[in-house]
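Student: mind folding the following:
(one chain, ligands or ions: 1)
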Amino acid sequence: MDASLALPRLRFCDSLKAADDPALELRAGLSAAAASIAPKFFYDRLGARLFEAICELSEYTLPRDEQVIFDRHTADITQAVGPDCTLIDLGAGNCAKAERLFPALAPRQYVAIDIAAAFLREQLTRVAQRHPQIEMIGVATDFSSGLALPASVRAQRRLAFYPGSSIGNFAPLDARAFLSSVHAACNGGYLLLGADLVKDPVAQVAAYDDALGVTAAFNLNVLNVANRLAGTDFLVSDWRHVARFNETESRMEMHLEARRDLVVCWPGGERRFAAGELIHTENSYKYTRSGLTGLLHSAGYRNVRLFTDPSERFVVALAE
Ligand SMILES: C[S@@+](CC[C@H](N)C(=O)[O-])C[C@H]1O[C@@H](n2cnc3c(N)ncnc32)[C@H](O)[C@@H]1O
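Tutor: Here you go, the predicted model:
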């Protein structure tokens, strides 16, 4: 039996639109002059597990830096937000970061939103079993073109939670548009946002090109996802993981580089790649404290408070 059925305070809502055709989007990205695959396609079940493994890597300090901040400042956050909030987790993944906030925040409702519907269902069901007192809603949706919440989400005291450095996947103007849509969806509430700070480029590249090759596997796995969703015939062994820091844009970039001249085919189309040609798979913009404050103000937020870890590698913003 589906374990979620035995949990009366847990509901799921599938808001993935038929119009969001992943095959069309993937094929269009591969056909563009500069080929690309959007990072939202990383997260099939294996991709979600590989991301969890990345978070354990010594090179990827981000989750530990962020946790230090939450350990130090959860009391400040709880005091500002107040009791009985509606905690809205954007790109919830395994829901672990939100769950760690439950004891202090004691949310009335927890809304976990993610594009990876099956993984979300599995993870949120486990979380709901551990916290039967909290009403929970799992929302499967793609929020890349703006956040829309189902009517079952409580309107009172909304706290949007966007941890990690997922905001860095958006180019600056898209980040502003996305945060404005979150602002509109949580009007009168708060935003708790994580962002990675600009740091030493060597450490930065190591964080995306670890010695064990876990990030390489995560990046390459997107080709398996494309094969499944778009009917492409990628051979993973034909491609190499590339991570580099783009200083001009202040962003880490991940690419996949063709190891030889090859052709990738899909129903109704194909794309020729020369050896060395790239598919751009992810940007991860790095912020300064003032840059992040400016972004939040431009998206409509006020009373921005910033919390950083002692090494100033990561920042968490709390904004009204
Ligand atoms: C980097 S992981 C972060 C997971 C977790 N919040 C954390 O910080 O550990 C990004 C998560 O966002 C989800 N995601 C990525 N793009 C999305 C989109 N456009 N709409 C909804 N969810 C998305 C992914 O499926 C994944 O679970």
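
Student: now do the contacts for the spatially most central residue of the chain.
Tutor: Nearest to the mean C-alpha position of the chain, counting by C-alpha atoms, centre = their mean, stands residue 166 at 4.1 Å. Residue 166 sits next to 90, 91, 194 when contact means C-beta atoms under 8 Å, 6 or more residues apart in numbering. (Glycine included, C-beta is placed from N, CA and C.)

Student: wait, the second one touches residue 161, no?
Tutor: No. Assessed by C-beta atoms under 8 Å, residue 91 is found out of contact with residue 161, at 9.5 Å.

Student: please say which of those two ends up with more neighbours.
Tutor: residue 161 (26 against 20; other C-beta atoms under 10 Å).

Student: what sits opposite the more buried one in the beta ladder?
Tutor: residue 89, residue 192 (DSSP bridges).

Student: going forward, count from 49.
Tutor: Done: numbering now begins at 49, and the last item shifts to residue 209.

Student: roughly how far apart are it and residue 140?
Tutor: 8 Å (C-beta to C-beta, to the nearest Å).

Student: for the residue of the chain positioned farthest from its centre, what are phi and psi?
Tutor: In the chain, residue 309 marks the outermost C-alpha relative to the chain mean, sitting 32.6 Å out by C-alpha atoms, centre = their mean. Main-chain torsions, residue 309, degrees, to the nearest 10: phi -70, psi 130.

Student: quick one on the thing from earlier: between residue 209 and residue 140, which contacts overlap?
Tutor: Common contact partners of residue 209 and residue 140 (C-beta under 8 Å, 6+ apart): residue 146.

Student: can you narrow the contacts of residue 214 to ones near the ligand?
Tutor: residue 139 (C-beta under 6 Å from any ligand atom).

Student: closest one of the contacts of residue 214 to residue 159?
Tutor: residue 138 (9.3 Å; C-beta to C-beta).

Student: on that earlier part again, how about the contacts of residue 214 in JSON lines, adding distance to residue 71 and pLDDT?
Tutor: Output for the contacts of residue 214, formatted as JSON lines (distance: C-beta to C-beta, whole Å; pLDDT from 0 to 100):
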{"residue": "138", "distance to residue 71": "25", "pLDDT": "98"}
{"residue": "139", "distance to residue 71": "22", "pLDDT": "98"}
{"residue": "242", "distance to residue 71": "32", "pLDDT": "98"}
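
Student: about what we covered before: quick check, pLDDT for the residue nearest to the centre of the chain.
Tutor: The per-residue pLDDT reported for residue 214 equals 97.
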